[in-house]
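Novice: Fold the following and give me the result.
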Amino acid sequence: VRTPGSATSPVRAWLQTLTPEQENDPESIWSRASTWALLLILLYFALDGVSPFVNEPTATRAVATSSAGGVLADRLSKLLMFLACMTLAMRRHQAVRRLSMQMKLVTSFPLLALLLSPLSQLPTRTISSGALLLGSILLLYHVMSRYQHDQVLELLFVLGTATIAASIVFAVALPQYGLDQMGGHSSAWKGIFSAKNYFGNLALFFLTAAVSYRARTPFLRGARFLQIIFCLTAIAFSRAATAYMLTAVYVAYFVTVKSLHNFRKKDYFVTSFLLLIAFLSVVVVMVVWPDTLFSLLGKDVTLTGRTEIWSAVLDSITKRPLLGYGYQAFWLGLQGESYRVILAVSWVLAQAQNGFLDVALEMGMAGLTIVLLVFGFAFRDGVVCLFQSRDQAQLRAVEWYLAIVVLTFFYNLDESFLFDPKHLGSMMFLLSCVGLKAEWLRLRETQRLAGRGVFLRGKACKAVHLTVETDRFQPVRAASASSECLRG
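Specialist: Here you go, the predicted structure:
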């Protein structure tokens, strides 16, 4: 007899790729050479592909367009990292293929970037960056199909501990490399990273991983405590106002989601209403007393000149609104359309200081639509799981994934790293989107099976009712059938 749910559904088959049985032992991942290779690749993305012994303005590196020296090395490093990512991804090609089909929006972004390369202002940069982005996304699919959530957190915990500790050493012992010497921020720490803002950004992301990580040994528990201290220290000394503000956002988010566990379902509406009132209050303060608010954040009303940049960038977007100027090919220094923006603001820029505007510049409304849909589905998946799931392990995973998505959204209102080919923050965001989709589908599958179970129990109870009616002259047998129904 074939019972409902006995066949493997497409959703269940896909979910099985995310729970590999051979990797259940957390210690087993460190006995494999591929894990250490993965860690080295992630280190490349964490450092933004830049040597820690380089203390040079990010904008100067990013806008270089000649074929000499550094740019040729940059193209070659992207090619090598693409091959490294593909080598690991092909080890689990079937699972990676399933994830690629399930996460169509995420997969389509680098493919669209490559398809639009003939329209790019600098096709060679678009092709090399688009290929690296595609490779990094396929690498993420490999990670999500091979490692469980706790193992992913352990990987990020080890990577974060090594990079943040090394950054503190650089800032204290090697200030010529560890301090941000550019832009009048000589007292700000940047550690082994490319800039102080990037340092503050990744320190906060690593902090979320350390807080969510459940250490499995006393040594790791002690290291976890030290890592939390290291991350908070890094954020404080990065002198990055955005990192300060979003650390407060993360604390508020953490307290809120933990409080939700103690609420009943009917209390969710009241909580959501109070949070909406708090959000509207902040908006009112920003509109009515902007000077006071921005002075607390260490910025002026123009957000340190960002509003001027945004105004100039919007003019450029209107010239190519649909398909943009090419992926990673707008900011070319004193060449192309970026020359007009730089003249307008009198700054040498490598980004629009807003991730959504940068996507619109590079990929037009086509790319921006994909990004907004990715955020929309991620928020949908996360909120549904938080309100409907009662599985503590699932809730812990969803809380971390959603924290990364929330922080990424707010970061990219002030900075820019959405779908960046060499930014670990972008990779953690996309990894979280995949994780939220997996948890949402897992919740749906659980609810579907539970619904079928209720349906079957209902039919069984109807059959028992008939048995009781038929066997009314055999009370012992009837009572036994009724008790079995009640236990079911």
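
Novice: buried set for the helix or strand harbouring residue 378?
Specialist: Assigned by DSSP states H and E, residue 378 belongs to helix 355-388. Buried positions in helix 355-388, judged by neighbour count with 16 or more other Cβ atoms under 10 Å: 355-368, 370-371, 374-375, 377-378, 381-382, 384-386. All C-beta atoms are positioned from the backbone trio N, CA, C, and that covers glycine.

Novice: Output the contacting helices and strands for the first helix or strand past that helix going along the chain.
Specialist: Later in the chain than helix 355-388, the nearest helix or strand by DSSP H and E is helix 392-411. Contact here means 3 or more Cβ pairs under 8 Å, 6 or more residues apart in numbering; DSSP states H and E; on that basis helix 392-411 packs against helix 149-173, helix 196-212, helix 241-260, helix 355-388, helix 424-470.

Novice: how much does the first one deviate in direction from helix 196-212?
Specialist: The directions of helix 149-173 and helix 196-212 differ by 140 degrees, with axes from the mean of the first three to the mean of the last three Cα atoms, to 10 degrees as the criterion.

Novice: How about the third one?
Specialist: Helix 241-260 runs at 20 degrees relative to helix 196-212, counting by the same axes, to 10 degrees.

Novice: Could I get the buried residue list for helix 241-260?
Specialist: Buried, per 16+ other Cβ under 10 Å, within helix 241-260: 241, 242, 243, 244, 245, 246, 247, 250, 253, 257, 260.

Novice: So which elements touch that helix?
Specialist: helix 196-212, helix 218-237, helix 265-288, helix 355-388, helix 392-411.

Novice: I'd like to know which of those helices is closest to residue 149.
Specialist: helix 392-411 (4.5 Å; Cβ to Cβ).

Novice: Please tell me how far the closest residue to residue 395 other than its chain neighbours sits from residue 102.
Specialist: If the residues on either side of it in the chain are set aside, residue 395 comes closest to residue 389, at 5.6 Å by Cβ to Cβ, 6 or more residues apart in numbering. Look at residue 389 and residue 102: by Cβ to Cβ, to the nearest Å, they are 19 Å apart.

Novice: try residue 324
Specialist: Distance from residue 324 to residue 102, by Cβ to Cβ: 27 Å.

Novice: out of the two, which sits in the busier spot?
Specialist: A side-by-side neighbour count of residue 324 and residue 102, using other Cβ atoms under 10 Å, places residue 324 first with 28 against 20.

Novice: If we ignore the residues flanking it in sequence, what's nearest that one?
Specialist: Closest to residue 324 by Cβ to Cβ, 6+ apart is residue 364, at 3.8 Å.

Novice: what does residue 48 give?
Specialist: residue 194 (4.7 Å).

Novice: Within the helices and strands, which one has the one you found?
Specialist: Using DSSP H and E, no helix or strand contains residue 194.

Novice: isn't it right up against residue 47?
Specialist: Yes: assessed by Cβ atoms under 8 Å, residue 194 is found in contact with residue 47 at 7.3 Å.

Novice: Give me the more crowded residue out of these two.
Specialist: Legend: neighbour count by other Cβ under 10 Å for residue 194 and residue 47, higher for residue 194 (25 against 19).

Novice: Torsion angles phi and psi at the more buried one?
Specialist: phi -80, psi -20 (degrees, to the nearest 10).

Novice: can you tell me how far the residue nearest to residue 164 when sequence neighbours are not counted sits from residue 165?
Specialist: Leaving out its chain neighbours, the residue that sits closest to residue 164 by Cβ to Cβ, 6+ apart is residue 230, at 4.6 Å. Going from residue 230 to residue 165 by Cβ to Cβ gives 6 Å.

Novice: for residue 410, same thing?
Specialist: 27 Å.

Novice: go on, residue 239?
Specialist: Residue 239 is 19 Å from residue 165, by Cβ to Cβ.

Novice: Repeat that for residue 107.
Specialist: 35 Å.

Novice: Am I right that residue 113 is in contact with residue 123?
Specialist: No: Residue 113 lies out of contact with residue 123 (Cβ under 8 Å); the separation is 11.1 Å.

Novice: Understood, closing this out.
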